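**Q** Sequence first, predicted model second:
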Amino acid sequence: MSDVKITRRQFAAAGVFLAAAGIAVGAEPIATAGDKPEPAKILNHNPKMGYRRLGKTGLWISEISLGGHNPFEADNRKEVLTRAIELGVNFFDVGPIKECASYGEVCRTHKLRDKFYISFGSLNAPEKDKAQALANIDARLRDFGTDCLDLWRPVNPNLELAAEVFETARKAGKVRFMLYANHEPDMVRVVVERMSDVCSAIMLPYMSMTKEAENGVLAACRKKDIGTIAIKPLSAGNLRNISKNAVAHLKKVLATPNLSAAIPGVDDVDQLEQNVQASYTREVALTSLELQELAAAETEHFGRLPEEYRWLAKWWEV
């Protein structure tokens, strides 16, 4: 996703468009998560896994789920997805075309669609118009062999276009909820402020060294009952490489109560099995030594970040 600077004019324009579309602007309902449903009502429930409510969607998703955005082969994804089912994972997010094709082939061939909530972005590049965006949604439906997918994640930062496309696709029964993701904190804040009646969930970077501001984005999301999903929880894999203790880093991320889930990227089944331990052992506190090791890794890792991930520094506080 490209860097985006939001002007006051753009901010106001988003509000004007949403109001004209009959969508309330500025409404701030105080949300309550409600009681956790019976295990039988949680998709692909595993008693070892923790599940959290994804805001106003009402979906209860595994607190460790699947991220990615790498063009893996379908054979690799078969192993990962079938093992994820056994481990109680029930949500994954896909984006690039090759990734959608790989995940989709596995889901179609092995009839796994009813085991996962699926979030998908449309393309590797922003859609230029409504027709293209809707065509991209249709393509993703074909990938997964289904009439309707759970969450649509618009790629284009054009909020007016995103809202219009979503309403059209939702009314046609092709998508259920809109999830918004962006690498720019300012853009995420605009969406939380102005699109809370359209956007049901936000996907944002959140790592073990990230601090939750008292009146920050996560607090605003909670107030408006917007689900929150942490991407890059291992700082694009760099913390895994440095500290060799991904579980501890993920447990620290999950200690943030205002997050619905974390979706670390998964190269193979071994990484998947390691990641879920952060949820399985959630009641076991990190030791003083582990906390010291985490702090050292967090301090060291930024200097070793590849240039293309230096933007993660914008997310030290949310």
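**A** All right, it came through fine.

**Q** Next, count neighbours for the closest residue to Asn245 other than its chain neighbours.
**A** Excluding its sequence neighbours, the residue lying closest to Asn245 (Cβ to Cβ, 6 or more residues apart in numbering) is Glu293, at 6.4 Å. Heads up, the C-betas are built off the backbone N, CA and C, glycines and all. Glu293 has 18 neighbours, counted by other Cβ atoms under 10 Å.

**Q** what's Glu293 in contact with, if anything?
**A** Counting by Cβ atoms under 8 Å, 6 or more residues apart in numbering, Glu293 touches 243, 245, 248.

**Q** Got phi/psi on the second one?
**A** When read as degrees, to the nearest 10, the backbone of Asn245 gives phi -130, psi 60.

**Q** mean confidence score for stretch 216-236?
**A** The average pLDDT within stretch 216-236 is 93.

**Q** tell me which residues of it are tucked away?
**A** Of the residues in stretch 216-236, 216-218, 220-236 count as buried by neighbour count, 16 or more other Cβ atoms under 10 Å.

**Q** Can you give me the end-to-end span of it?
**A** Stretch 216-236 has its terminal residues 23 Å apart, counting by Cα to Cα, to the nearest Å.

**Q** do stretch 220-233 as well
**A** Distance between the boundary residues of stretch 220-233 (Cα to Cα) amounts to 20 Å.

**Q** how close does the closest residue to Tyr206 other than its chain neighbours sit to Lys244?
**A** Among residues not flanking Tyr206 along the chain, Ala230 sits closest, at 3.7 Å (Cβ to Cβ, 6+ apart). Distance of Ala230 to Lys244, computed by Cβ to Cβ, to the nearest Å: 21 Å.

**Q** now the strands: where do they sit in the stretch 101-250 of the chain?
**A** 117-121, 149-153, 175-181, 199-205, 227-231 (DSSP state E, counting those that start in this stretch).

**Q** helices and strands around the third one, which ones?
**A** Looking back up the chat, that one is strand 175-181. Using 3 or more Cβ pairs under 8 Å, 6 or more residues apart in numbering; DSSP states H and E, the elements in contact with strand 175-181 are strand 149-153, helix 159-171, strand 199-205, strand 227-231.

**Q** Nearest to Asn44 among those would be which one?
**A** Nearest to Asn44 among the helices and strands packed on strand 175-181 is strand 149-153 (13.2 Å), distances taken as Cβ to Cβ.

**Q** what lines up beside that closest one in the sheet?
**A** strand 117-121 (parallel), strand 175-181 (parallel) (DSSP bridges).

**Q** C-alpha coordinates for the first one, CSV please?
**A** Yep, that's strand 117-121 we're talking about. What follows is strand 117-121, C-alpha atoms only, in CSV (Å, rounded to 0.1, in the frame of the first residue of the first chain):
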residue,chain,number,x,y,z
TYR,A,117,-13.8,-16.9,7.7
ILE,A,118,-12.0,-15.4,4.7
SER,A,119,-10.8,-11.8,4.3
PHE,A,120,-9.5,-10.8,0.9
GLY,A,121,-8.1,-7.8,-0.9
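
**Q** the inter-axis angle of it versus strand 227-231?
**A** 70 degrees (axes from the mean of the first three to the mean of the last three Cα atoms, to 10 degrees).

**Q** Taking strand 199-205 as reference, get the angle to strand 117-121.
**A** Using the same axes, to 10 degrees, the direction of strand 117-121 lies 70 degrees away from that of strand 199-205.

**Q** Below-threshold pLDDT in the chain: ranges please.
**A** 1-34, 68-75, 122-127, 156-157 (pLDDT under 70).
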